[in-house]
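S.K.: build the 3D model from these lines:
(4 chains)
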There are 2 protein chains.
Amino acid sequence: MHSDERFRSTTNWLLLGLAGQELWHLWPRLRREHLPAKTYLERSGSLSSKVYFIESGVVSSLETGDVRDPIEVGVIGREGLIGTSAIADLIPQRDSLVQIEGQALVLDCVQLQKCLSASPGLRSFLSRYVQAQMVQISLAASAGVRANVQQRLARKLLMYHDRVGADDLPLTHENISLMLGVRRASVTNAVHNLEAECLIKAQRGLITIRDRAGLERYCGRFYGVAETRYAEIMSDTPRTACVE
Amino acid sequence: MHSDERFRSTTNWLLLGLAGQELWHLWPRLRREHLPAKTYLERSGSLSSKVYFIESGVVSSLETGDVRDPIEVGVIGREGLIGTSAIADLIPQRDSLVQIEGQALVLDCVQLQKCLSASPGLRSFLSRYVQAQMVQISLAASAGVRANVQQRLARKLLMYHDRVGADDLPLTHENISLMLGVRRASVTNAVHNLEAECLIKAQRGLITIRDRAGLERYCGRFYGVAETRYAEIMSDTPRTACVE
DNA sequence: GAATCTGTGTACGCTTTCGTACGTTGAAGA
DNA sequence: TCTTCAACGTACGAAAGCGTACACAGATTC
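M.R.: Numbers count the residues shown, from 1 in each chain, chains lettered A, B, ... in the order given. Below is the predicted model of the structure:
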């Protein structure tokens, strides 16, 4: 089973976190797929047939509201999956757009449903992930109202940094401005400010993280909570562990 | 079974939407409880032991982030329940504060878990409700970034109006300002503007809806989407119905 | 090498909202 | 009736961000 072991390696945290039994059901049905930048993995309101366990790259979850002016309410990478709506047997409620290319292990929705029925453990695990996503969206709402543009930029960069696992983030100001829901010029300005504090370095279409700790300090209370809660929620000590 | 029928009446939409079988499991374990204003039904990070199927009144879901300056990311009334985190066997991730008093049918979390295990239909039904909540939070994030104070006020009033089912909303400017994350003076101003357009009438601690359609128009794209999607999600035609 | 396009720098007046502060009024308690 | 207090009205300078516009530079295409 040596080659099998190699085959079964992944960088997706959810799959890594699954206990043997659940993974066994799932694994044979997964297919690896490349995720090119600027492609949609799902669109709000359109039936999607696949679920993506992200292994690398970054996908943003966009609230389109009434279609125009979408904003980024979530960021998903190797710690998560695209297609949570399929868990509840629903069509997607948000757009999922690949921001930074990568790859994913892909599962057919029908197969997912089968696995969920067969494995209560998987269902409860993914339910917890859904809650983790709610936390992220919720904190995005909070930051959107209370944080200024610089802080929101810093927050976004940190979230991307977490998921890319490298200091170079291929992002344009234009791109960022659309996600944050601000002017492109405001982003340029904010980037300059962060650069002036030596927290990042900006080149054409590329932002490099220079001082992560500094960025976190800059961001203050708007970064960290979601990450801590993700760890808590996805750790194998749910509710019952909190009871005395 | 005449008296039994009477006993089993409720105004909670979720319970009303449950098919007979699922409701039978649930009903004997429900106890009616009064929800006084300004009380917390659950707090982020603290173990909660109950789930509330709201029958009347309004509860707001607050993202506390790092504790100070909470903001309202969701509004729950007779169409929903408090305690979605318990479905995934997790502790609450947000605060739930009773804004307008009412009553609820209350279920113990342990009982809920039993019912969920016994009834897959219930589980899938409540999973869908969780998705509906995500939609609401997501749209709150969108509105928080893109809408101005007046629009956000209008949105909030409409959401409360939906849930109260009457035109009188007992809300103070102070109260609203905390939820929207703006100055109290900004709310006073926004209230005046809506009043000037004869959309509402404001008295001390009370806002009366005068022209709901007008409010919706004023609010534009920031109201309606969540409500439509709630209906879609909770209707008994999930995914499969969308496949040709 | 020229043309073109995408990404970035920058500026200016304008609007919204903020921070702060103080005055007024309605309602409830003494 | 008087007091007290929560709720509301209002004001003013400051700051953040917007809309718009135009110029420039690196990269790509022809």
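
S.K.: point to the residue nearest the middle of chain A.
M.R.: Here the mean C-alpha position of chain A is nearest to the C-alpha of A:Ile76 (Cα atoms, centre = their mean), at a distance of 0.9 Å.

S.K.: so for the lengthiest helix in chain A, mean pLDDT?
M.R.: For chain A, the helix that runs over the most residues, judged by DSSP state H, is helix A:120-146. The predicted model assigns helix A:120-146 a mean pLDDT of 96.

S.K.: now do the same contact list for the residue nearest to the centre of chain A.
M.R.: Neighbouring residues of A:Ile76 by Cβ atoms under 8 Å, 6 or more residues apart in numbering or on different chains: A:54, A:58-61, A:82, A:96, A:133, A:163. Backbone N, C-alpha and C define where each C-beta goes, glycine included.

S.K.: again with A:His161
M.R.: A:167, A:169, A:209, A:212.

S.K.: okay, now the third one: neighbour count?
M.R.: A count of neighbours around A:Ile209, defined by other Cβ atoms under 10 Å in any protein chain shown, yields 20.

S.K.: how near is the nearest residue to it once chain neighbours are set aside to A:Lys201?
M.R.: Using Cβ to Cβ, 6 or more residues apart in numbering or on different chains and skipping the chain neighbours, the partner closest in space to A:Ile209 is A:Asp167 (4.5 Å). Note on A:Asp167: its distance to A:Lys201, by Cβ to Cβ, to the nearest Å, is 9 Å.

S.K.: shared neighbours, those two?
M.R.: Joint contacts of A:Asp167 and A:Lys201 (Cβ under 8 Å, 6+ apart) are A:208, A:210.

S.K.: from the contacts of A:His161, which would you call buried?
M.R.: Using 16 or more other Cβ atoms under 10 Å in any protein chain shown as the burial test, the contacts of A:His161 include A:169, A:209 as buried.

S.K.: just give me the closest of the contacts of A:His161 to DNA strand D.
M.R.: Nearest to DNA strand D among the contacts of A:His161 is A:Leu169, at 16.3 Å by Cβ to the nearest atom of the strand.

S.K.: so what's the backbone phi/psi at the closest one?
M.R.: phi -120, psi 110 (degrees, to the nearest 10).

S.K.: output the set of residues of chain A in proximity to DNA strand C.
M.R.: Residues of chain A lying near DNA strand C by Cβ under 7 Å from any atom of the strand: A:172-174, A:184-185, A:188-189, A:191-192, A:202-206.

S.K.: how about the residues you listed in a markdown table, adding pLDDT, secondary structure and distance to A:Leu105?
M.R.: Putting these into a markdown table (pLDDT from 0 to 100; DSSP: H, G, I helix; E, B strand; the rest coil; distance: Cβ to Cβ, whole Å) gives the following:
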| residue | pLDDT | secondary structure | distance to A:Leu105 |
| --- | --- | --- | --- |
| A:Thr172 | 97 | coil | 29 |
| A:His173 | 98 | helix | 33 |
| A:Glu174 | 96 | helix | 31 |
| A:Arg184 | 97 | helix | 35 |
| A:Ala185 | 97 | helix | 40 |
| A:Thr188 | 98 | helix | 37 |
| A:Asn189 | 97 | helix | 40 |
| A:Val191 | 98 | helix | 34 |
| A:His192 | 97 | helix | 39 |
| A:Ala202 | 96 | strand | 33 |
| A:Gln203 | 96 | strand | 32 |
| A:Arg204 | 96 | coil | 33 |
| A:Gly205 | 95 | coil | 29 |
| A:Leu206 | 97 | strand | 28 |
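
S.K.: could you dump those residues to a markdown table with neighbour count and distance to chain B?
M.R.: Output for the residues of chain A next to DNA strand C, formatted as a markdown table (neighbours: other Cβ atoms under 10 Å in any protein chain shown; distance: Cβ to the nearest Cβ, whole Å):
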| residue | neighbour count | distance to chain B |
| --- | --- | --- |
| A:Thr172 | 14 | 20 |
| A:His173 | 21 | 17 |
| A:Glu174 | 12 | 17 |
| A:Arg184 | 14 | 15 |
| A:Ala185 | 10 | 17 |
| A:Thr188 | 15 | 19 |
| A:Asn189 | 15 | 17 |
| A:Val191 | 20 | 19 |
| A:His192 | 13 | 22 |
| A:Ala202 | 15 | 23 |
| A:Gln203 | 8 | 28 |
| A:Arg204 | 6 | 27 |
| A:Gly205 | 12 | 24 |
| A:Leu206 | 12 | 26 |
